[in-house]
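Engineer: here is the input, now give the coordinates:
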Amino acid sequence: MPENQTPTPNAAELREAVDAGFPTAVADLSNLVRIPSVSWDGFDPAHVEASAEAVRALAEATGVFEQIEVVQVPYGDAGRLGHPAVIATRAARNGKPTILLYAHHDVQPPGDDEAWESSPFEPTLLGERLHGRGAADDKAGVMAHIGAIRALTEVLGTDLEVGLVLFAEGEEEFGSRSLPEIFRRYRDRIASDVIVVADSGNWDLDTPALTVALRGAVAFNLRVTTLEHANHSGMMGGAVPDAPLAAIQLLATLWNADGSVAVEGLASHDAETPEYGEGKLREESGLLEGASPIGRGEILSRLWYQPSITVTGMDIPDIKNASNTLVPSVRVRISARVAPGQTWQDAYAAIEAHLRAHVPHGAEIAIEDLDTGNPFLVDTSGWAASDALETMAEAYEHDAVEIGAGGSIPFIADLVELFPAAQILITGVEDPDSRPHSPNESVHLPTFRRAILAEALLLARLEGRTL
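Structural biologist: Okay, the predicted model is just below:
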């Protein structure tokens with residue numbers, strides 16, 4: 001803790017409570033990881049429902065919430081039902097602030113089981129890391145909130161004056177598609193003075209971080225079609241363009257030779273970044289020795305403040321089912337990140353215009369299943385950010401830093417529009433080796449414990465603050 005910082009009241013008692021309750025927090029996190037709550041199409045939604053019920057039970061067991069509800073709402077023109085979210089609330093009293101604690105209980109698909117060192121949905125302790133899908137992103141965020149509330153009530157009792165809202169979403173990994181409607185319907189219940197989004201990470205294992213910049217997102221399926229039907233590749237190959245040829249040539253126009261984005265109209269944000277060399281990039285990304293980084297400018301600028309475009313999937317016959325055939329149509333999933341300062345609408349318009357202007361061989365293209373979200377820059381001038389940075393320093397015994405993040409949390413911009421006076425704090429338990437969305441996802445347990453303590457300390461400060 002910095003020498004000139006005033007300790008949080010009851011800090012020693014809160015630290016003891018967190019330590020005493022930590023084995024239970026790890027056990028509860030393990031139980032959540034065992035639920036394969038993948039929110040993507042094609043996976044059983046019953047698992048997401050089971051995960052929501054487990055979170056509801058954890059919230060109820062804290063004994064502090066006055067109202068707890070699992071909510072599902074329809075969205076879109078077709079009225080499709082969204083995945084369940086948990087909303088637990090306790091009203092503020094005597095002029096105390098209300099804090100909203102956000103996390104999500106849904107997870108990414110596990111991917112190739114053979115790429116995992118352990119079973120994706122069987123929590124496995126390897127060294128100081130608990131492995132499993134969702135162990136870091138973001139069921140550890142859920143349990144950081146629960147663990148902090150448990151420690152706070154252990155020390156101060158359940159008769160708190162600070163207002164509490166626990167919001168555990170069930171489809172963040174699927175684009176938070178029903179979230180705007182949830183916000184609209186439950187606005188009064190989730191209105192808060194401070195919003196903690198526990199879905200980011202730290203600089204390293206020793207250095208806590210407050211995320212102050214997020215890139216936006218534009219993702220869609222691109223269908224490329226050249227033929228009415230398949231053809232024998234020997235009989236028609238060389239004269240008739242197949243869909244993979246057209247798709248590959250079209251996709252290649254999205255990047256310059258150095259890997260930087262070549263789409264006119266995509267903007268970058270100008271901001272200083274900490275020192276971060278190529279060696280650290282290689283260490284944290286697993287970049288092969290013979291492979292070179294891509295892009296231009298400072299590395300962290302490429303990751304935080306410049307746009308990027310990635311092909312994350314392709315529907316095309318696999319090698320096992322490959323025949324000597326000209327494939328008539330392929331489908332590609334494109335994921336673009338939008339630099340802070342540019343809207344997703346402008347970014348999408350630029351990408352769509354580029355694709356339509358560069359279609360080769362007269363192929364037909366169609367864009368489907370669009371997911372979007374705006375980038376975000378956090379205002380850290382308020383008292384909540386100051387309190388958060390100080391309580392992180394107390395918990396980690398190391399000064400906290402402010403960082404950007406290359407990933408996206410699109411709904412934060414919606415929260416700001418809905419609650420313009422609220423102070424936003426983006427925290428998390430991840431570290432550079434947590435590998436969210438990838439095989440062998442894990443959470444570093446000492447970091448998890450410190451994250452719980454940091455949030456418990458923050459809650460204690462809010463309990464003592466009058467607006």
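Engineer: mark out where each domain of the protein begins and ends.
Structural biologist: Domain ranges of the chain: 11-214+375-463, 216-269+306-373, per automatic domain parsing.
Engineer: could you pull out the helices for the stretch 351-467 of the chain?
Structural biologist: 383-396, 411-418, 445-463 (DSSP state H, counting those that start in this stretch).
Engineer: flag the shaky bits of the chain, pLDDT-wise.
Structural biologist: Scanning the chain with the threshold set as pLDDT under 70 gives 1-4.
Engineer: now the helices for it?
Structural biologist: 11-33, 45-62, 139-156, 179-185, 187-190, 233-236, 243-252, 278-285, 299-304, 344-357, 383-396, 411-418, 445-463 (DSSP state H).
Engineer: deepest in the core, which of these is it.
Structural biologist: helix 139-156 (a mean of 27; mean count of other Cβ atoms under 10 Å). The way it works is simple: take the backbone N, C-alpha and C, and place the C-beta from them, glycine included.
Engineer: which elements pack onto it?
Structural biologist: Here helix 139-156 touches helix 11-33, helix 45-62, strand 98-104, strand 163-169, strand 194-201, strand 423-430, helix 445-463, going by 3 or more Cβ pairs under 8 Å, 6 or more residues apart in numbering; DSSP states H and E.
Engineer: dump those into TSV; add distance to Gly407 as well.
Structural biologist: Below are these laid out as TSV (distance: least, Cβ to Cβ, whole Å):
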stretch	distance to Gly407
helix 11-33	21
helix 45-62	21
strand 98-104	13
strand 163-169	16
strand 194-201	8
strand 423-430	10
helix 445-463	18
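Engineer: out of the ones you listed, which comes closest to Gly127?
Structural biologist: helix 445-463 (9.2 Å; Cβ to Cβ).
Engineer: so which elements touch the closest one?
Structural biologist: Counting contacts by 3+ Cβ pairs under 8 Å, 6+ apart, helix 445-463 is packed against helix 11-33, strand 98-104, strand 129-131, helix 139-156, strand 194-201, helix 383-396, strand 423-430.
Engineer: reformat the helices of the chain as JSON lines; add distance to Ala366.
Structural biologist: Formatted as JSON lines, the helices of the chain follow (distance: least, Cβ to Cβ, whole Å):
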{"stretch": "helix 11-33", "distance to Ala366": "38"}
{"stretch": "helix 45-62", "distance to Ala366": "27"}
{"stretch": "helix 139-156", "distance to Ala366": "36"}
{"stretch": "helix 179-185", "distance to Ala366": "25"}
{"stretch": "helix 187-190", "distance to Ala366": "36"}
{"stretch": "helix 233-236", "distance to Ala366": "23"}
{"stretch": "helix 243-252", "distance to Ala366": "12"}
{"stretch": "helix 278-285", "distance to Ala366": "33"}
{"stretch": "helix 299-304", "distance to Ala366": "31"}
{"stretch": "helix 344-357", "distance to Ala366": "11"}
{"stretch": "helix 383-396", "distance to Ala366": "44"}
{"stretch": "helix 411-418", "distance to Ala366": "27"}
{"stretch": "helix 445-463", "distance to Ala366": "44"}
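Engineer: quick one: closest of these to Glu117.
Structural biologist: Ranking the helices of the chain by distance to Glu117, with Cβ to Cβ as the measure, places helix 11-33 first at 14.7 Å.
Engineer: what about stretch 126-135, how long is it end to end?
Structural biologist: From its first residue to its last, stretch 126-135 covers 13 Å (Cα to Cα, to the nearest Å).
Engineer: counting neighbours, which bits of it end up buried?
Structural biologist: Residues of stretch 126-135 classed as buried: Arg129, Leu130, His131, Gly132, Arg133, Gly134, Ala135 (neighbour count, 16 or more other Cβ atoms under 10 Å).
Engineer: just how off-centre is that stretch within its chain?
Structural biologist: Its chain's average C-alpha position is 18 Å from that of stretch 126-135, according to Cα atoms, centre = their mean, to the nearest Å.
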